[in-house]
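1. Pasted the sequence and its predicted model underneath.
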4 protein chains.
Amino acid sequence: MLILMEPACPAEHVRAVLELLEASGIRAQLQDSGESVSLIAPHASKVFKADRLETLKGVRRVVPITSPFKLASLDAAAGRTVVEVRGVRIGGGELVLVAGPCGVESREQLFTTARYVAEAGVKLLRAGAFKPRTSPYSFQGLGEEGLRLLDEARREFDLGIVTEATEVETFDAVEACADLVQLGARNMQNFALLKRAGRSGKPVLLKRGPGATLEEWLYAAEYILGEGNRNVILCERGIRTWSAHARNTLDISVVPAAQGLTHLPVMVDPSHATGRRDLVIPCARAGVAAGADGILVETHCQPEKALSDGPQALLPSDFIRLVDECRRVHAALQVQHAGAGLAF
Amino acid sequence: MLILMEPACPAEHVRAVLELLEASGIRAQLQDSGESVSLIAPHASKVFKADRLETLKGVRRVVPITSPFKLASLDAAAGRTVVEVRGVRIGGGELVLVAGPCGVESREQLFTTARYVAEAGVKLLRAGAFKPRTSPYSFQGLGEEGLRLLDEARREFDLGIVTEATEVETFDAVEACADLVQLGARNMQNFALLKRAGRSGKPVLLKRGPGATLEEWLYAAEYILGEGNRNVILCERGIRTWSAHARNTLDISVVPAAQGLTHLPVMVDPSHATGRRDLVIPCARAGVAAGADGILVETHCQPEKALSDGPQALLPSDFIRLVDECRRVHAALQVQHAGAGLAF
Amino acid sequence: MLILMEPACPAEHVRAVLELLEASGIRAQLQDSGESVSLIAPHASKVFKADRLETLKGVRRVVPITSPFKLASLDAAAGRTVVEVRGVRIGGGELVLVAGPCGVESREQLFTTARYVAEAGVKLLRAGAFKPRTSPYSFQGLGEEGLRLLDEARREFDLGIVTEATEVETFDAVEACADLVQLGARNMQNFALLKRAGRSGKPVLLKRGPGATLEEWLYAAEYILGEGNRNVILCERGIRTWSAHARNTLDISVVPAAQGLTHLPVMVDPSHATGRRDLVIPCARAGVAAGADGILVETHCQPEKALSDGPQALLPSDFIRLVDECRRVHAALQVQHAGAGLAF
Amino acid sequence: MLILMEPACPAEHVRAVLELLEASGIRAQLQDSGESVSLIAPHASKVFKADRLETLKGVRRVVPITSPFKLASLDAAAGRTVVEVRGVRIGGGELVLVAGPCGVESREQLFTTARYVAEAGVKLLRAGAFKPRTSPYSFQGLGEEGLRLLDEARREFDLGIVTEATEVETFDAVEACADLVQLGARNMQNFALLKRAGRSGKPVLLKRGPGATLEEWLYAAEYILGEGNRNVILCERGIRTWSAHARNTLDISVVPAAQGLTHLPVMVDPSHATGRRDLVIPCARAGVAAGADGILVETHCQPEKALSDGPQALLPSDFIRLVDECRRVHAALQVQHAGAGLAF
């Protein structure tokens, strides 16, 4: 149930509702939008009727959450969630770009890339220190050393850091460094990792598994939300199909479909979705046009020397073009937004 | 081989080359771009060496076509193909919209829809008179009566007609009415129908089969081109995957991937690609942003009464929004085009 | 509706029911199992109530057909359909093998292959005279000359001929030669061709499209059945998925799933399903074990010289092994059959 | 490299080779087939030439491993691996059945099911104590209490226990109880968990991910093997496709395809592969016929009351039939085996 409190409702009324719920074994989460406060209690309807709760002091209205995604559902929030990452607001109507190399390979590689990323006005840098790889014989990342370099890059270029946590064992170290912790596609249903991320104070970017339905993706988000971390961003990165011209198939319609079900922001990763440099820019533009809240893209100062995912990393010049074109598309549709508020 | 003739080369030189090829059993097709003339002879390399042909009068250069798509390949043309349909140029950088109901159901339904389509500035009307249906018990279209109504609508609203030919038997009738003959997804490998379309004087819109790779789609186009019809437009309409939130998965990256292989225009049909009204507009915008040469969309004056595909047909008001937003996205990227000529 | 007549019901009673239906515009088909007669009238329920028809003379019982596949449905028949092809009964519990090269290439190739096929005790020879090919530049079959060779092979080796009809235009010629007319996977929704096959006096083998669901496959059969041809055999030949070790994915569970919905026999083609010689025999055995009524397999006297599908054609020695192992599996399960009648 | 030692080669020679390798930073694993000893050293070829190693005392021959799966590859072993689980040999030509409920739900449920499983002559009982579930709100298993019940069942019915480890955190507890530790499909690329399993003394059953290729599956096995655990069994359990009649698509041809690449045993799980009780038996038979080393199947004393996967669990009577039919199919092909040794 979503329990909407009266505007300016005193804290003691909220506390009283929480206590009543807890006394019946019902966990509830507090949402404070600034203007009003509400409580989400996924299983309250097993114990209480809505009209019973509506008699409590300070309760304005009680709305049942019919969606199976009790916390991720659009019904479960007063509005769309805006996730703040080092001052960047994701989900609030602005176009957010996240860019960088697949993995941290060296100080020079990271810094050269970070420099032109920052110069393009992008505020968030992505790069993996721990790399989950299909083969045990592939480059597995620089690990802790990679995290140190990322930390340095943040200070040097004033960039927020987006980097992947691949396992519970090393989560603490990643969490300490990251401004936004990425959970990768292969780990979308690594429930222990999801729960650990749910107990983190850092926002989480949850990639869709290449074989996962929208429903399963939202359930995965639900595992994170259920542990108390409300700052979850979804990221589509292509699904596995028989269509052979690209590494994966960018499931572009999942962007509006997800936005129709959940209050969480949705981003698009055109690099993993295609695996081909020449398809990344058109697909990034498509992601923006479809209404994505942001684009996550791989760029490398020297893609031909990349230790992983070189063929999909944008050259610096192409990256500049991507930023420009994505902004044009976004701006063209924003005009509309301002006017009608209903463009997407 | 692609045999490029000298600018302003006399017709007799061209004829001489054609005769030499024919004498060796090689079929060749003439391409006249206005500025220069070239010959495509898919199998000439089995008989002639390039330098032998380059000694002929009027021959400027001979280029081997290494692609398996001898006629559809980008190598096989001097530039991108522009297909003209009743004065509308498809493939020349402009955004072309084609809209209308799934099927012709009645004079009133067709005309009411055609009216607002035309009023939105759209020049091409789509509607099926012959409907291929999965079940023999579903509405199969009005047939000849539907064609008569389409003919009337063309005159009444000054619209070009796009309608589907479903079989060789009724191709003549469809061809007589259509300004652009559509070949549907289920028929993408109906080779008899492809060849019949190849012998038509009307341009052809070839939908991608829901289970077809890009390669197979281009081979299907090759069957049409091989019979002499150079006016072929490709149309992506979603592929069949396990992703369950939409009827099909719009394979958005196939747009730039196809444009990298072929000189033929590529359109996107977001209606069949999603099957859900609420996803059509974001996906249409994505199609334009990905660089599609046009959008083919279903709209119906009263979707709730449609005899087929009602859930995916746009309401009139939504259709107006689609037209506006697609144009914005296209314009935003055109600016770039004009400047750099390299946006897509 | 399925209208079951009394045993030994006089012909005039049957005729009277048919006339009543026809007078209301309802088409009905007669089924004679030898023991009893029934009428299938897919849309009778739109006009008549069951109890009204049960008052007619000779009518024992009227059963509604709730399945959308009015004619293909298991509910629509008194029992499982047995299709006879030149004395071979398909669907009656015996294991039927159909074997031969992909295409007829020459008299010698066909006859050499036919000889060892016949010597292995197989009664039906498969080979295409008309070959539908993805590329217009691939070998398209010997056409009429191929049919003549097949006709000769039938007489020489006393084999029934299974060959593909690829288009309405050449159907007459194929039909004249074939004992069993094959409709290929690409044509599964070529409705004009399905209807033509439905008007044929020859039995039809309908391959499943590589992108078609079970439901769509049964609807395709419905198009054939609807024209009056009751002798339809379904054949699974692999579906298109992302699983990359084989050309297609043999959808083995569709065999029992289809048998749970339809009275038509179901065969399996392990050659197209895998495209790899080393996987054909295990998959043929799996097909038999899953309960298929027969196996359709490619074998070639010299696969390395085959003009099409060489990599999947069995060598003569492997073919002998396939026949032996399939028979062992079938025999092992037949014992059960005899006892319980319910093994599958 | 695979370094084959002379028969009856003294231990000191083996030690000398190992020391030489280690001195160059190359890890090697010892394989003792009983008859002969060999060393697998995946990356030795980066440092040593084969003929250099062949000069060492006791070395009979050095074979390069060209496969990317250095340890899982068929080239990397002297023969097929036989994994022993509580006296049951998996991979040695016998048919191994593993059966039980999806999850441990209660003592009564587990014991009732275990009793008829044991009475059917099946030696291995499967049941999950920790259940990974798509939704956080679904039954998650009894946990430690479940393990205690499994332990009791082992003693009571003399059955080996197969149960799933879902995370590194609880691996110790599962490992202590299990005779064969299952890694589930969602965790196929949970690399931390794979590595933990690789350090276990218990054999591991590795399910294929529903979206994983054969190649990725073998790489996952490589992670386990790389930590030193040689007792890995692969289990196909259906892949995710658009084919809609079953929950997943049993990729039957992956069984012989895997056996052509790896020395590890391959099992089939027809329950998860279909999700439908009526398809389980035919698919189990198909698995055996395709050459699987074993079948893993769900059965429940009262499927209609199951807390998870009820629709796919076999009733006791159906389970008896499955055992009988699978054994018939296996026996029919074993005859062949004995004679030719080449049936699969």
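-> Here it is on my side, so go on.

2. And the helices in the stretch 101-250 of chain A?
-> A:107-119, A:144-157, A:171-177, A:191-198, A:214-226 (DSSP state H, counting those that start in this stretch).

3. For the closest residue to A:Leu56 other than its chain neighbours, list the residues it contacts.
-> Among residues not flanking A:Leu56 along the chain, A:Val17 sits closest, at 5.6 Å (C-beta to C-beta, 6 or more residues apart in numbering or on different chains). All C-beta spots, glycine's among them, are computed from the backbone N, C-alpha and C. Going by C-beta atoms under 8 Å, 6 or more residues apart in numbering or on different chains, A:Val17 touches A:Ile3, A:Met5, A:Ala28, A:Leu39, A:Leu53, A:Leu56, A:Gly58, A:Val59.

4. do the same with A:Thr134
-> Applying C-beta under 8 Å, 6+ apart, we find A:Thr134 in contact with D:Gln189, D:Glu215, D:Glu216, D:Tyr219.

5. try it again with 7 Å
-> By C-beta atoms under 7 Å, 6 or more residues apart in numbering or on different chains, the residues touching A:Thr134 are D:Glu216, D:Tyr219.

6. cool, and A:Phe191?
-> A:Tyr223, D:Pro132 are the contacts of A:Phe191 under C-beta under 7 Å, 6+ apart.

7. what's the pLDDT at it?
-> A:Phe191 carries a pLDDT score of 96 in this model.

8. For the residue nearest to A:Leu56, I want the exact helix or strand it lies within.
-> helix A:11-23 (DSSP states H and E).

9. what element comes up after that helix heading to the C-terminus?
-> Where DSSP H and E defines the elements, the next helix or strand beyond helix A:11-23 is strand A:29-32.

10. how far away is A:Pro256 from chain B?
-> The gap separating A:Pro256 from chain B is 4 Å, by C-beta to the nearest C-beta, to the nearest Å.

11. neighbours of that residue, just the number please.
-> 25 (other C-beta atoms under 10 Å in any protein chain shown).

12. Return the residues in contact with the closest residue to it other than its chain neighbours.
-> Once flanking residues are discounted, A:Pro256 sits nearest to B:Pro282: 4.1 Å by C-beta to C-beta, 6+ apart. Neighbour list for B:Pro282: A:Val255, A:Pro256, A:Ala290, A:Gly291, A:Phe344 [criterion: C-beta under 7 Å, 6+ apart].

13. who wins for neighbours among those residues?
-> Neighbour tally across the contacts of B:Pro282 (other C-beta under 10 Å): the maximum, 32 neighbours, falls on A:Ala290.

14. got a list of what it touches?
-> Contacts of A:Ala290 by C-beta under 7 Å, 6+ apart are A:Ile252, A:Val255, A:Pro256, B:Pro282, B:Cys283, B:Arg285, B:Ala286.

15. Which members of the contacts of A:Val17 are the farthest-apart pair?
-> A:Ala28 and A:Gly58 (14.0 Å; C-beta to C-beta).

16. So which of these two has more stuff around it?
-> Taking neighbours as other C-beta under 10 Å, A:Ala28 and A:Gly58 compare with A:Ala28 leading, 21 against 18.

17. how close does the residue nearest to the more buried one when sequence neighbours are not counted get to A:Leu20?
-> Spatially, and ignoring its direct neighbours in sequence, A:Ala28 is nearest to A:Ala41 (3.9 Å; C-beta to C-beta, 6+ apart). Computed with C-beta to C-beta, to the nearest Å, the distance linking A:Ala41 and A:Leu20 is 10 Å.
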